[in-house]
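**Student:** return a 3D structure for these sequence lines:
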Amino acid sequence: MSHHRLTPQRGRGAVSNPDNRYADHRREAVDDGWYQEASEPLRTELRVDTSRTIISRNRSPDVPFERSINPYRGCEHGCIYCYARPTHAWLGLSPGLDFERRLFYKPDAAEQLERELARPGYRPATIVLGAVTDPYQPIERRLLITRQVLEVFHACRHPVAVTTKSALVLRDLDLLGAMAADRCAAVQISIATLDAGLARRLEPRAAAPQRRLETIRTLAQAGISTGVLVSPLIPGLTDQDLERVLEAAAQAGASRADSLLIRLPLELKDLFTDWLRVHFPERAGKVLSLIRQCRGGKLNDAQFGTRFTGTGPIAELLRQRFELAAGRLGLLRQDASWELDPKHFRAPGPAGAQGSLFDPESGCPPLTASRK
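**Tutor:** Sure thing, here's the model as predicted:
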């Protein structure tokens, strides 16, 4: 537990900004009676991500996809439970407030993707867009990097599955709808709770729960396979909404559902504990106790096979509740539309090759030129 006064920042999730685990020195704030809350709101800072590859390859045996793309590092949604927060330590930054305000973006993401898809011997398979951080977080509205990546997928007819909690995904309905017609696109909307007040504290800059339900409805009406991810399940805090979220999503048109138990790796354990004690001091002890009961007495268990579901009676009860409700609502069926089809894939033609602009057999158009 922190030894200084923790104060929520307007529009931010974390209530602290601890040093990352690789730092040579550690700072510890102490309340000496002179503490004053910062008068200026914390502004978002953008930096260029200079990594040279865009497709990440997954080797975890319990993750159901092999490839993913994350146009951004860090996430302005500020979800306090985000298991990606500790990755900011690799950048020399804090998994706390830094994660949600010091963001990295890939301005050449679309060009990198074109190059990777054009490599000799490339074999298409579904790529998950937004496996770590949200591809439709607020800065996407003006940076358009996710839109540009989708344009490449659309032109090359490459299968993509989008995971988001933002209504901004509807901006790209034209691309996603056209791809869905060829079974090349699906979308999964994450909803942890229907309680708008709780959601504002958990996910301060994400779309409100009702807005996400409307997003599911619009996507489904456009013929796009749309699922709901009831995640994270936080026992004692969000789990009471499990059945309600599933029912509302099914009514909105979701055809599939999944659910994940809260994960608290590395620095996230302390960040979440501090957040609980600030926002829900009377429930913090119970919530932490229930999480430990799902994690073998600890706040986190990184074991493959159980890290997404937990173990013990509480975790088993949550699993049974999910399967009963999702099964009753028809959200567990293996819908063929979720099996995205790579057979329409056309590798990108060489940039500047005039033939590829007109000949559908010569590869997808070189979009790079149109964005310069």
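**Student:** residues in contact with the longest strand along the chain?
**Tutor:** Longest strand in the chain by number of residues (criterion: DSSP state E): strand 225-233. With contacts defined as C-beta atoms under 8 Å, 6 or more residues apart in numbering, strand 225-233 is touched by 81, 163, 180, 185-192, 216, 219-220, 238-239, 242, 245-246, 249, 253-263, 318, 322, 331, 335, 337-338. Every C-beta, even on glycine, is put in place using the N, C-alpha and C of the backbone.
**Student:** repeat that for stretch 305-319.
**Tutor:** For stretch 305-319, using C-beta under 8 Å, 6+ apart, the contacting residues are 61-62, 233, 235, 239, 242, 259-261, 263, 290, 293-296, 301.
**Student:** may I see the ChimeraX selection of the buried members of those residues?
**Tutor:** Selection command for ChimeraX covering only the buried members of the contacts of stretch 305-319, criterion 16 or more other C-beta atoms under 10 Å:
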select :233,235,239,242,259,260,261,263,290,293,294,295,301
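**Student:** flag whichever of the contacts of stretch 305-319 scores worst on pLDDT.
**Tutor:** In terms of pLDDT, Asp62 ranks lowest among the contacts of stretch 305-319, with 57.
**Student:** so where is this structure shaky, pLDDT-wise?
**Tutor:** 1-5, 21-41, 61-64, 334-338, 350-372 (pLDDT under 70).
**Student:** now do the helices for it: every range, in order, please.
**Tutor:** Remark: helices assigned in the chain by DSSP state H are 97-101, 109-117, 140-143, 145-156, 173-181, 196-202, 209-221, 242-252, 268-279, 284-294, 313-328, 355-358, 367-371.
**Student:** how about the third one: buried residues?
**Tutor:** It refers to helix 140-143. Buried residues in helix 140-143 (16+ other C-beta under 10 Å): 140, 143.
**Student:** which helices and strands does that helix pack with?
**Tutor:** Helices and strands touching helix 140-143, by 3 or more C-beta pairs under 8 Å, 6 or more residues apart in numbering; DSSP states H and E: there are none.
**Student:** and for the second one?
**Tutor:** Using 3+ C-beta pairs under 8 Å, 6+ apart as the contact test, the elements touching helix 109-117 are helix 145-156, helix 367-371.
**Student:** who wins for proximity to Ile54 among those?
**Tutor:** Closest approach to Ile54 among these (C-beta to C-beta): helix 145-156, 7.9 Å.
**Student:** just the angle for the longest strand of the chain relative to helix 173-181, thanks.
**Tutor:** 110 degrees (axes from the mean of the first three to the mean of the last three C-alpha atoms, to 10 degrees).
**Student:** all strands for the stretch 1-150 of the chain, in order.
**Tutor:** For the stretch 1-150 of the chain, applying DSSP state E, counting those that start in this stretch gives strands covering 45-48, 56-57, 67-69, 72-73, 102-105, 127-129.
**Student:** in CSV, list the ones you listed along with distance to Pro348.
**Tutor:** Output for the strands of the stretch 1-150 of the chain, formatted as CSV (distance: least, C-beta to C-beta, whole Å):
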stretch, distance to Pro348
strand 45-48, 23
strand 56-57, 20
strand 67-69, 15
strand 72-73, 23
strand 102-105, 22
strand 127-129, 14
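**Student:** let me have those strands in a markdown table, extended by mean neighbour count and distance to Pro120.
**Tutor:** Below are these laid out as a markdown table (neighbours: other C-beta atoms under 10 Å; distance: least, C-beta to C-beta, whole Å):
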| stretch | mean neighbour count | distance to Pro120 |
| --- | --- | --- |
| strand 45-48 | 12 | 29 |
| strand 56-57 | 12 | 18 |
| strand 67-69 | 20 | 18 |
| strand 72-73 | 24 | 29 |
| strand 102-105 | 20 | 29 |
| strand 127-129 | 24 | 19 |
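**Student:** do you know which of the ones you listed lies nearest Gly197?
**Tutor:** Per C-beta to C-beta, nearest to Gly197 of those: strand 102-105, 26.3 Å.
**Student:** in this structure Ile262 contacts Ile234, no?
**Tutor:** Yes: contact criterion C-beta atoms under 8 Å: Ile262 and Ile234 qualify, at 4.8 Å.
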